[in-house]
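Trainee: predicted coordinates and the sequence they were generated for:
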Amino acid sequence: MRAVTVHGAGDLRVDELPDPVPGEGEVVVAVEWGGICGSDLAYWRHGRSGTAVLREPLVLGHEVAGRVARVGPGVTGVEEGLAVTVHPAELVGDGRMPERLAGRTNLYPRVRYFGSAAFSPHTNGGFCDLKTVAARQLRPLPEGVDTRSGALAEPLAVACHAVGRAGDVAGRDVFVNGAGPIGSLVVAALRHAGAARITVADLGRAPLEVARAMGADDTRDLSNGDALPEDAELVFEASGAPAALGGVLRATARGGTLVQVGNLPGTPAPAALGELVTREITWIGSYRFVEEIDEALAAMAAGLDVTPLMTHSFPVGEAHEAMRTAADPASGSSKVMLRFA
């Protein structure tokens, strides 16, 4: 089978690997679509993503969907041909957590995640023709949700989790900073949850057009001199750029709430944070998701359309070009998809 594998910084290959055989409690999924994420790009460009450092070849990809191809021993209720996506996280150990964190398994200290170098041996991802998956990680796709859209249930779950961190957003005006894939999915999740008016800011016209298509009411092109909104009671920071924090905090209303969903660097970086104190802003972190992947699938089944996000598609044999397109701001890309079927 083919697998999109990173061997080191700048060293991406489409390798031929043996076809997998499912073990006890496992199935093999024939992957049809995968979405390229920022962490995939980081491993390819820098040999690391956050604090996870590449030490051996790693099959990329955690946003995938396809169909069950083989069912292993001990698996019941799963038939070959079933269209599925995958919850890419598995807890390592007994899964016990302090009572104050009950149910928040995204904060469990040891989690294996598809396409991650956090552990050694690394956890291979789903950018491959055939992927072995624990049956408990499968999520059947609802009627009306195809595998191309189903591959984006994972990043939509990240957005749903972030929106959930803010509480009830129905009827509220919201500002989203950053119109990359996660920012635009936050827009879609906010719209689905009943937000009243959504304003989005970014440094480029192309991502703002995607944000509009995903449900934004107003867009601000910062590269064109547009200003951030003022006194936004609820803000989602989705750019992950430390240099943006000062302006975003100034745009947040006194006593307002800022949900940080964009990944910030794991190394020191300058940021102007004074407004956090003087405005008494509540700054909430948002990390991955728990079971919101089910919420994401239900939202898509109810009509939430992620297709405007998928601006480019490439066959797996053109994985190099797909990664270059996803990494190039001038390409106008949002979510770049890999086609395996």
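Mentor: Ah, there it is.
Trainee: so what touches stretch 258-272?
Mentor: 38, 50-51, 158-159, 162-163, 165-166, 177-178, 182-183, 186, 234-243, 245-246, 248-249, 252, 281-286 (C-beta atoms under 8 Å, 6 or more residues apart in numbering). C-beta: built from backbone N, CA, C; applies to glycine.
Trainee: go on, stretch 311-319?
Mentor: Contact partners of stretch 311-319, identified using C-beta under 8 Å, 6+ apart, comprise 2, 4, 12, 14, 127, 129, 210, 321-322, 325-326, 331-340.
Trainee: take those and keep only those in strands.
Mentor: If you go by DSSP state E, the contacts of stretch 311-319 have 2, 4, 12, 14, 335-339 in strands.
Trainee: out of the contacts of stretch 258-272, list just those in helices.
Mentor: 38, 158-159, 162-163, 165, 182-183, 186, 245-246, 248-249 (DSSP state H).
Trainee: rewinding a little: please pick the buried ones from the contacts of stretch 258-272.
Mentor: 38, 158-159, 162-163, 165-166, 177-178, 182-183, 186, 234-242, 245-246, 248-249, 252, 281, 283, 286 (16 or more other C-beta atoms under 10 Å).
Trainee: per-domain residue ranges of the protein.
Mentor: Annotated domains of the chain cover 2-152+306-339, 158-285 [automatic domain parsing].
Trainee: do you know which of these lies nearest residue 297?
Mentor: domain 2-152+306-339 (5.6 Å; C-beta to C-beta).
Trainee: ok now stretch 143-159, how far from the chain's centre?
Mentor: 10 Å (C-alpha atoms, centre = their mean, to the nearest Å).
Trainee: how long is it from one end to the other?
Mentor: 22 Å (C-alpha to C-alpha, to the nearest Å).
Trainee: list the buried residues of it.
Mentor: For stretch 143-159, the neighbour count (16+ other C-beta under 10 Å) marks 145, 147-159 as buried.
Trainee: I'd like these written out as a markdown table, with distance to residue 274 added.
Mentor: Shown next, in a markdown table, are the buried residues of stretch 143-159 (distance: C-beta to C-beta, whole Å):
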| residue | distance to residue 274 |
| --- | --- |
| 145 | 45 |
| 147 | 47 |
| 148 | 45 |
| 149 | 42 |
| 150 | 44 |
| 151 | 41 |
| 152 | 37 |
| 153 | 39 |
| 154 | 36 |
| 155 | 32 |
| 156 | 34 |
| 157 | 34 |
| 158 | 29 |
| 159 | 29 |
